[in-house]
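[1] got a predicted structure here, sequence first:
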Amino acid sequence: MQRAQRGFTLVEIAIVLVIIGLLLGGVLKGQGLIDSAKVKNIIQQSNALSAAVNSYQDKFHALPGDDPQATTHVPGTTGNGNGDGQIAEYQLAPQHLALAGFITGSFNGTTDFMTSAQGGAVYIYNDVVGGRGGNGIRLDNLPDSFAEQLDSKLDDGKYNTGSVRATGAYTNNGTVIQRTAVFF
């Protein structure tokens, strides 16, 4: 006598598919929350650096990195800037800010650089990004979705206009934007 083979019912399969869908949705939503937190961290870092630059300028009447009297203003710094109003001395800028007490960290003025929550380099720099030049905070190697969120939250959401600019269009396909700048 043969026993009847029993398989899964349509209801059981549907329940399993719903559970799998909920798990995948939770994982994807969790990744979105992590990415959103990283963007918020990058925005906070950008705002804190802008405030630090403004505070340094208020106190010493010069820009960090560009300060021609930095060795007098901030004991321990390894060099002075040329005082031309352009922060081309980007390696000195974080050192001047840190030794003056405006940011935390230890920067040697030659090879150290700051990093973002995404892990890319962060510079206080006079640069040309997206057709605009000037002093600002340059963030290297951000995913285009991060750069777009940064631009949307701080500016107009367009990569080539406003005070937040990027070296390429936002495509949201995982492309890495070489440079994004928040000009101040």
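    Right, received. Where do you want to start?

[2] and the strands in this structure, which stretches?
    Taking DSSP state E as the test, the strands found in the chain are 114-115, 121-129, 132-143, 164-166, 176-183.

[3] what packs against the first one?
    If I follow you right, that is strand 114-115. Packing partners of strand 114-115 (3 or more C-beta pairs under 8 Å, 6 or more residues apart in numbering; DSSP states H and E): strand 121-129. (Glycine included, C-beta is placed from N, CA and C.)

[4] related to what we said a few turns ago, can you add mean neighbour count, mean pLDDT and distance to F8 and give the strands of the chain back as JSON lines?
    Converted to JSON lines, these look like this (neighbours: other C-beta atoms under 10 Å; pLDDT from 0 to 100; distance: least, C-beta to C-beta, whole Å):
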{"stretch": "strand 114-115", "mean neighbour count": "16", "mean pLDDT": "94", "distance to F8": "51"}
{"stretch": "strand 121-129", "mean neighbour count": "21", "mean pLDDT": "94", "distance to F8": "53"}
{"stretch": "strand 132-143", "mean neighbour count": "21", "mean pLDDT": "94", "distance to F8": "41"}
{"stretch": "strand 164-166", "mean neighbour count": "26", "mean pLDDT": "96", "distance to F8": "51"}
{"stretch": "strand 176-183", "mean neighbour count": "22", "mean pLDDT": "94", "distance to F8": "44"}
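
[5] and the closest residue to A100 other than its chain neighbours, what does it touch?
    Among residues not flanking A100 along the chain, V74 sits closest, at 4.8 Å (C-beta to C-beta, 6 or more residues apart in numbering). By C-beta atoms under 8 Å, 6 or more residues apart in numbering, V74 lies in contact with 60, 67, 96, 99-100.

[6] with L49 instead?
    Contacts of L49 (C-beta under 8 Å, 6+ apart): 97, 103, 114, 122, 124, 137.

[7] can you rerun that using 6 Å?
    Counting by C-beta atoms under 6 Å, 6 or more residues apart in numbering, L49 touches I137.

[8] hang on, the earlier thing: name the nearest of the contacts of V74 relative to G85.
    G85 lies nearest to D67 out of the contacts of V74, by C-beta to C-beta, at 10.9 Å.

[9] skipping adjacent residues, who's closest to the closest one in space?
    G81 (5.1 Å).

[10] coming back round to it: among the strands of the chain, which is nearest F107?
    Nearest to F107 among these is strand 114-115; the distance by C-beta to C-beta comes to 7.7 Å.
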